[in-house]
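A.B. asks: sequence first, then the predicted structure:
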Amino acid sequence: METRVYIENALQNGYRFKTSEYLSRGWKTFTENPGGYIGFSVLYFTISMFVGFIPIIGFLISLFINPPLNVGIPLAAHRQTNENNMEFGNFFKGFDHIGQLVITYLIQLVIYMVLAIPVVISIGFGFFALMSDPTNTEATEEFGRQLLAMWPVFLIVFLLAAYVGISMRWAFFLVVFHKYDAMDAIRTSWKLVGKNWFVHFGFILLMTLVMMLGFIALLVGIVVAFPVVFAADYAAYADITGLNRDNSEIDEIGGLKDMV
């Protein structure tokens, strides 16, 4: 369902973020098709590691495969929820939207690069001076002192990057589920998440904890935690944007908007 009525309503009136309910839905989605989600997770990590080991070209390849793969679990969960369709190919439907997903990804990378400019400028001169004479112990110590003195800059950039990253986190979803183009997806994600940013932040922290527990449990844990987290995020997005609401509900919302 591609309507944007609920998104507009959420932007105007806000929304409740039901963390425990979304996590429960994510777990339920996983348990209905554990083999599919575990299989995709193993494949996802294998591809990511393989591409990561390829110098230079690996980065270019990742630009085209990471965005579609990152929406694989949400797209599969969507088909499963609405059509009871659990085909393994659903995990790769993101490649049907590869154009706008890659553009969105590139724009996000540019934003992060702009945020990193103060750090690059701050350490650039000292780093190149050190590289010109790596045996100079005084230069090495001075460079170390400069890095320690710059911790406020690093902290500010880190906080800004975290804020921006969380604000843009639903851009891919808006592209594949509601057919937004790249710039509109980023802007709308920013506004939508911004309506309840600190709750989203708390949700991300909780999901990070789940992922960390998965890592502690080694491979078995992470291939379970990974799909549960993404399925829970899909559940949150679907609820807040009205993705799975029926036409009568949409007509009602539209009618209420016309009356305002």
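C.D. replies: That came through, no problem.

A.B. asks: tell me where the model's unsure across the protein.
C.D. replies: 1-3, 122-144, 217-220, 246-260 (pLDDT under 70).

A.B. asks: state the distance from Ile47 to Ile156.
C.D. replies: 35 Å (Cβ to Cβ, to the nearest Å). Using the backbone N, CA and C atoms, a C-beta is placed for each residue, glycine as well.

A.B. asks: count the neighbours of Asn196 for me.
C.D. replies: 17 (other Cβ atoms under 10 Å).

A.B. asks: who touches it in this structure?
C.D. replies: By Cβ atoms under 8 Å, 6 or more residues apart in numbering, the contact set of Asn196 is 14-15, 17.

A.B. asks: which one of these is nearest to Asp184?
C.D. replies: Tyr15 (19.3 Å; Cβ to Cβ).

A.B. asks: now the closest one, nearest residue through space, not along the chain?
C.D. replies: Nearest non-adjacent residue to Tyr15, counting by Cβ to Cβ, 6 or more residues apart in numbering: Ile240, 5.0 Å away.

A.B. asks: quick one: the strands in the stretch 1-150 of the chain?
C.D. replies: For the stretch 1-150 of the chain, no strands are identified by DSSP state E, counting those that start in this stretch.

A.B. asks: now flag whichever of the contacts of Asn196 is closest to His178.
C.D. replies: Nearest to His178 among the contacts of Asn196 is Tyr15, at 15.4 Å by Cβ to Cβ.

A.B. asks: now that closest one. Its backbone dihedrals?
C.D. replies: The phi and psi torsions at Tyr15 (degrees, to the nearest 10) take the values phi -160, psi 160.

A.B. asks: could you measure it against Lys93, distance?
C.D. replies: Tyr15 sits at a distance of 26 Å from Lys93 (criterion: Cβ to Cβ).

A.B. asks: what does Met86 give?
C.D. replies: With Cβ to Cβ as the criterion, Met86 and Lys93 are 13 Å apart.

A.B. asks: outside of the helix or strand where Phe203 lies, which residues touch it?
C.D. replies: In the assignment (DSSP states H and E), Phe203 maps to helix 197-216. Helix 197-216 has contacts (Cβ under 8 Å, 6+ apart) with 17, 19, 22-23, 163, 166-167, 169, 193, 221-226, 228-229, 232-233, 236.

A.B. asks: again, but for stretch 13-30
C.D. replies: If you take Cβ under 8 Å, 6+ apart as the criterion, stretch 13-30 is touched by 37, 77, 80-81, 195-196, 199-200, 202-203, 206, 224, 227-236, 239-240.

A.B. asks: and the closest residue to Gly26 other than its chain neighbours, how many neighbours?
C.D. replies: Nearest non-adjacent residue to Gly26, counting by Cβ to Cβ, 6+ apart: Ala232, 2.9 Å away. Here the count is done by other Cβ under 10 Å, and Ala232 has 28 residues near it.

A.B. asks: list the contacts for Ala232?
C.D. replies: Counted by Cβ under 8 Å, 6+ apart, Ala232 has contacts 22-23, 25-27, 207.

A.B. asks: same check on Ser48?
C.D. replies: Here Ser48 is in contact with 62, 66, 69 (Cβ under 8 Å, 6+ apart).

A.B. asks: among those residues, who's most crowded?
C.D. replies: Using other Cβ under 10 Å as the neighbour criterion, Leu69 leads those with 20 neighbours.

A.B. asks: surely that residue is in contact with Phe45?
C.D. replies: No. With contacts counted by Cβ atoms under 8 Å, Leu69 stays clear of Phe45, the gap being 10.3 Å.

A.B. asks: give me the distance from the host helix or strand of Trp190 to the chain's centre.
C.D. replies: Assigned by DSSP H and E, Trp190 belongs to helix 182-194. Distance of helix 182-194 from its chain centroid, counting by Cα atoms, centre = their mean, to the nearest Å, is 13 Å.
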